[in-house]
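Enquirer: okay, sequence plus prediction incoming.
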Amino acid sequence: MGAVTFETLALGKTADEAFSNAVEDAKHMHGHAGYTGTIAEKSSFTVIPESEHRGRQKLTVARKLIDQADQRIQRKRGPAGAINCSGTETAKRYREQHGLEGKYGDVWLFFGWAAH
């Protein structure tokens, strides 16, 4: 049993709702058996403060935190990282691709390590 990195976007009225949506989507797509290497293995998240990613590419920041083994997100059984992506081109594309234009909520990027 190893670990792999994951990155996923989700929409929610709150970060908690977006996280729940992301976990449920991953369970639907990858099953409920565990060791999927997805956000389905996570039970919590930690929000990365805006001061750490303001004006920067969100995915680049997430990958750098993974590469640097940031203590907040380095454990496969620990929390996922979360970055609010609302107002970015990534969020706009996500909304368009998933038919979510006009839906209320923020687009969040969840990332980290998961059991595989």
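Expert: Perfect, I can see it now.
Enquirer: and residue 6, what does it touch?
Expert: 37, 38, 39, 80, 110, 111, 112, 113, 114 (Cβ atoms under 8 Å, 6 or more residues apart in numbering). C-beta coordinates here come from the backbone N, C-alpha and C atoms, glycine included.
Enquirer: just the ones of the residues you listed in strands?
Expert: Counted as lying in strands by DSSP state E, out of those, are 80, 110, 111, 112, 113, 114.
Enquirer: neighbours of the fourth one, just the number please.
Expert: Which is residue 112. By other Cβ atoms under 10 Å, 27 other residues sit near residue 112.
Enquirer: I figured it hits residue 67, correct?
Expert: No. Contact criterion Cβ atoms under 8 Å: residue 112 and residue 67 do not qualify, at 11.9 Å.
Enquirer: any stretches of this protein with poor pLDDT?
Expert: For the chain, the stretches with pLDDT under 70 are 1.
Enquirer: what comes into contact with the longest helix along the chain?
Expert: Using DSSP state H, we find that the single longest helix of the chain is helix 15-30. For helix 15-30, contacts defined as Cβ under 8 Å, 6+ apart pick out 8-12, 36-40, 42, 45, 47, 80, 82, 84, 105-108, 110.
Enquirer: quick revisit: now the contacts of residue 6 as TSV including distance to residue 62?
Expert: What follows is these, written out as TSV (distance: Cβ to Cβ, whole Å):
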residue	distance to residue 62
37	16
38	15
39	13
80	10
110	9
111	4
112	8
113	12
114	14
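Enquirer: residue boundaries of the helices in this structure?
Expert: 15-30, 58-67, 89-97.
Enquirer: could you list every helix and strand in contact with the second one?
Expert: Counting contacts by 3 or more Cβ pairs under 8 Å, 6 or more residues apart in numbering; DSSP states H and E, the secondary-structure elements packed against helix 58-67 are strand 3-12, strand 80-84, strand 106-115.
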